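1. have a look; sequence and predicted model below, questions after that.
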Amino acid sequence: MNRRVHNIRILVLGALTAVGPFSIDMYLPGFPEIAKDLGVNIAQVGLSLTSYFIGISLGQLGYGPLLDKYGRRKPVIAGLSLYILAAIGCGLAPSLHWLIAMRFVLAVGACVGIVASRAIVRDLFPLNEVARIFSTLMLVLGVSPIFAPSIGAFVAESFSWRYVFVVLAVIAALILALVVRFLPESHPGNRSISLHPVRLMERYLGVLKDPTFFAYGMASAAASAGLFAYISDSPFVFMNLFGLSQREFGLLFSLSACGVIGATQVNRFWLRKKTSREISIKAVIAQSAVAALFMCMVVFGAPPVALYVFLFLYLFTLGSLSPNTTAIAIEPFASHAGSASALLGSTQMAAGAFGSLLVSFFHNGTALPIAAVLLLTSLVSLGLQFAYRRRTISPAGTE
């Protein structure tokens, strides 16, 4: 594979990965307008985010076996086509219930990019390069929160929140064209794979029982719960609590993504000298320390600027943690990379839905709920990694 082809494929895979997060970040600044237009409050609009998390979690479990049975390209094309139709449906939503339902369908279409990109990386690249490739994908992924909220705020203020979904449909159509043009089939598929629910459950249980997958996959899921709790509660914290405008929130949210981007590039440098396991444990220790300090600052009433600095540091540690835990979790799998990627992504999104529900349930008009969730999820991720290290289990190949 020459350098040009390599770079094009990484770009397309990064774009596929970014479809899901872009669908979240771009419509966040429109929450107040959506609430006003549909006659509900911002907390109720947040349910459309929760339904998205549920859809993207369940959808991945369906795509995993399809990717292993039929190859990578056909499910990707089908999923992106569904996404385009659902985005148009969101833009036409006459009520909150319709929006919640369409956001679920939108998620089912979007999640194919998450599952397929990880599986294709596992197909195309040697194991010792997988973590570095995931860091590169996270660089592309990290660009979306920089531009998406600002684009969403501009579209919502200049036209309407409904046109945000029109823009998302156009973006998905462009990515679909790139997939058809530049992304080859990386796995021929195995038609003997059964899609019977019982067989699928047995396959997923087999993946989950792998000690390496369980420890690092669940650690990654716990970190995702913290991330999505931040995403879910940030419109309230920054716009309602701190008094920022839609545009100011979009800019500040974009700046937060720089923490993730910076960490992914630092991680690529660290991988030249350290293993993914060494980097992962140090990153989660740092994340737990930052989350604990953030909790203390919220409790003792630190100014908004100080709180934002620690949220930025939290996201920086996440940028070092995620690519390494992802690479380690799917490392034992080769022929079933689609199923392993699907289960990993599903648990991450399910944890994300739980994190967003948790901050909504404990909503009390302060930043305390988000601080508590960030600390809790960091400690869970830390505990899982330490438990694995104490057992000193070496990765076992699973076919």
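-> Sure, I can see it.
2. just the element for residue 363, please.
-> Under the criterion of DSSP states H and E, residue 363 resides outside all helices and strands.
3. ok, now which ones touch it?
-> Applying CB atoms under 8 Å, 6 or more residues apart in numbering to residue 363 gives the contacts 43, 233, 236, 369. Bear in mind the C-beta positions are built from the backbone N, C-alpha and C, glycine included.
4. quick check: phi and psi on it?
-> Main-chain torsions, residue 363, degrees, to the nearest 10: phi -60, psi 120.
5. could you do residue 301 as well?
-> Phi and psi for residue 301, reported as degrees, to the nearest 10, are phi 70, psi 50.
6. any idea how far residue 150 is from it?
-> Distance check for residue 301 against residue 150: by CB to CB, to the nearest Å, it reads 30 Å.
7. that older thread, scan the contacts of residue 363 and report the most crowded one.
-> Counting by other CB atoms under 10 Å, residue 233 has the largest number of neighbours within these, with 25 neighbours.
8. pretty sure that one contacts residue 371?
-> No: counting by CB atoms under 8 Å, residue 233 stays clear of residue 371, with 9.9 Å between them.
9. for residue 300, phi and psi?
-> Per-residue torsions, residue 300: phi -90, psi 10 (degrees, to the nearest 10).
10. tell me, how many residues neighbour it?
-> When neighbours are counted by other CB under 10 Å, residue 300 registers 7.
11. same deal with residue 170?
-> Other residues within reach of residue 170, judged by other CB under 10 Å, total 12.
12. one more: the one 10 residues further on?
-> By the criterion of other CB under 10 Å, residue 180 has 12 neighbours.
13. out of residue 301 and residue 150, which sits in the more crowded spot?
-> Shown here are residue 301 and residue 150; by other CB under 10 Å, residue 150 has more neighbours (19 against 9).
14. hmm, that one is touching residue 250, no?
-> Yes: using CB under 8 Å as the test, residue 150 is close enough to residue 250 to be in contact (4.5 Å).
15. what number of residues lie near the closest residue to residue 358 other than its chain neighbours?
-> In space, not counting the residues next to it along the chain, residue 358 is nearest to residue 373; the distance is 5.3 Å by CB to CB, 6 or more residues apart in numbering. Each residue near residue 373 was counted by other CB under 10 Å, and the total is 24.
16. and residue 373, how far is that from residue 348?
-> Using CB to CB, one obtains 15 Å as the distance from residue 373 to residue 348.
17. what does residue 194 give?
-> Per CB to CB, residue 194 is found 26 Å from residue 348.
18. quick one: neighbours of the residue lying closest to residue 307 once chain neighbours are set aside, just the number.
-> The spatially closest residue to residue 307, leaving aside those adjacent along the chain, is residue 297, at 6.0 Å (CB to CB, 6+ apart). The number of residues packed near residue 297 is 17, by other CB under 10 Å.
19. shaky segments in the stretch 1-150 of the chain?
-> Scanning the stretch 1-150 of the chain with the threshold set as pLDDT under 70 gives 1-2, 126-128, 138-146.
20. can you name the residues that contact residue 390?
-> Taking CB under 8 Å, 6+ apart as the criterion, residue 390 is in contact with no other residue.
21. and it, what pLDDT?
-> In the predicted model, residue 390 carries a pLDDT score of 79.
22. same thing with residue 397?
-> At residue 397, the predicted lDDT confidence score is 42.
23. against residue 299, how distant is residue 184?
-> If you go by CB to CB, the gap between residue 184 and residue 299 works out to 53 Å.
24. tell me which of those two has more neighbours.
-> residue 299 (13 against 10).
25. what's the closest non-adjacent residue to the more buried one?
-> When the adjacent residues along the chain are set aside, residue 299 lies closest to residue 368, with 7.3 Å between them (CB to CB, 6+ apart).
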